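Novice: Structural data only, the sequence is not supplied:
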């Protein structure tokens, strides 16, 4: 198997992730991502270059940039680039689909109880505005993938929804979701599948030709090393007429507008490549990120193997140290139960205390996102090629120190 140019970990961080402050414990890659220094420098170079003659750049260059980067992403996820579009982030992609697809009052959308908050609010908006009904599949971890699929099977069979939205990897808890089985389940019950792959490309292998979802969205700025905000949206060709840009802009066409075969093939590209003035440099630098992953890091499998093994090692280390356990569905993130026997008030009052906890974590340069789920407090650790095990050893110590400090300050309860 190809190897990185220099070993992953601190040595790799010092060479290729120089923008991270020296004394930070970077254990939360999953929230926003971090761009490698060579890719970041190319990004800044392109911003400057594109400003040299803005009129010419915007009028005659952006479409070629857009299509070139679509083609490169298409190779990674095995999709015809005509079925892809760039959006700002996964939440924007979810909104693009749900707020442009022709839904009617009484149509049902199935989501899981661990749905990402912003995407859950999009469904609430549709409920309030249009009378769409949300159907929630209640999930309490620890739970097996087989049990998750069985719960969805029961709901899809009973409710006959229009849409089912689910994750590739859930945000909090940060666990791999059985998305491949659920796409098949949606086909079985003639339900439209909308896959929130915010944690997708660059994290787990994706083959959209094999998967065949109706809709799929994934952030390029989280795990794929592209500057934020940049994500891609996949739309099955049979839905191209129904999906419109967010915002609706110059390229708008009514769903019923008929085009020539060539124009219909390019319908998604022609609608999405320009929706208004924006910074194209994040899209433009995608080939640079791909080159970095392949030539410097040794390729997708080499990156994944290191990060996945580290996540397992972190789960073993921290759970043993804490005397707890971690959730089985581990990718490059691992979710570990936090011991709270000494300060149960933390769990009971988490919604009031979380900002204070995070404030103190940031002061100690070791931020770890946490969530109360199923009556327990969980910490999510993200593992990346610039990490080593002691990053998480230290960050987990900081977390317990902060929790104890906040719990002893009774005035905040």
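Specialist: In hand now; what should we look at? The model shown is predicted, which means the values in this text are computed figures rather than measured ones.

Novice: Residue 111 sits in which helix or strand?
Specialist: In this assignment (DSSP states H and E), residue 111 forms part of strand 108-112.

Novice: residue boundaries of the strands in the stretch 51-200 of the chain?
Specialist: Using DSSP state E, counting those that start in this stretch, the strands found in the stretch 51-200 of the chain span residues 84-87, 108-112, 133-137, 163-167, 192-196.

Novice: export these to JSON lines and tack on mean pLDDT, distance to residue 367 and mean neighbour count?
Specialist: In this view, the C-beta of every residue, glycine as well, is placed from N, C-alpha and C. JSON lines is the format used below for the strands of the stretch 51-200 of the chain (pLDDT from 0 to 100; distance: least, Cβ to Cβ, whole Å; neighbours: other Cβ atoms under 10 Å):
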{"stretch": "strand 84-87", "mean pLDDT": "98", "distance to residue 367": "27", "mean neighbour count": "23"}
{"stretch": "strand 108-112", "mean pLDDT": "98", "distance to residue 367": "26", "mean neighbour count": "22"}
{"stretch": "strand 133-137", "mean pLDDT": "98", "distance to residue 367": "30", "mean neighbour count": "16"}
{"stretch": "strand 163-167", "mean pLDDT": "98", "distance to residue 367": "22", "mean neighbour count": "26"}
{"stretch": "strand 192-196", "mean pLDDT": "98", "distance to residue 367": "23", "mean neighbour count": "25"}
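
Novice: Ok, which of the ones you listed comes nearest residue 147?
Specialist: Proximity to residue 147 (Cβ to Cβ) singles out strand 133-137 among the strands of the stretch 51-200 of the chain, at 10.9 Å.

Novice: In this structure residue 19 contacts residue 35, no?
Specialist: Yes - with contacts counted by Cβ atoms under 8 Å, residue 19 reaches residue 35, the gap being 7.5 Å.

Novice: Can you report how many residues neighbour residue 3?
Specialist: Residue 3 has 11 neighbours, counted by other Cβ atoms under 10 Å.

Novice: which ones are touching it?
Specialist: 298, 302 (Cβ atoms under 8 Å, 6 or more residues apart in numbering).

Novice: Checking it next. Helix, strand or coil?
Specialist: Following DSSP: H, G, I helix; E, B strand; the rest coil, the label given to residue 3 is coil.

Novice: That one and residue 387, how far apart?
Specialist: 17 Å (Cβ to Cβ, to the nearest Å).

Novice: Off-centre distance for the strand holding residue 111?
Specialist: Distance of strand 108-112 from the chain centroid (Cα atoms, centre = their mean, to the nearest Å) equals 19 Å.

Novice: How about stretch 163-183?
Specialist: 11 Å.

Novice: Next: stretch 66-83.
Specialist: 18 Å.

Novice: what's next to it, contact-wise?
Specialist: 84-86, 201, 206-210, 218, 220, 232, 234-237, 240, 265-266, 268-269, 273, 280, 283-284, 286-287, 290, 300.
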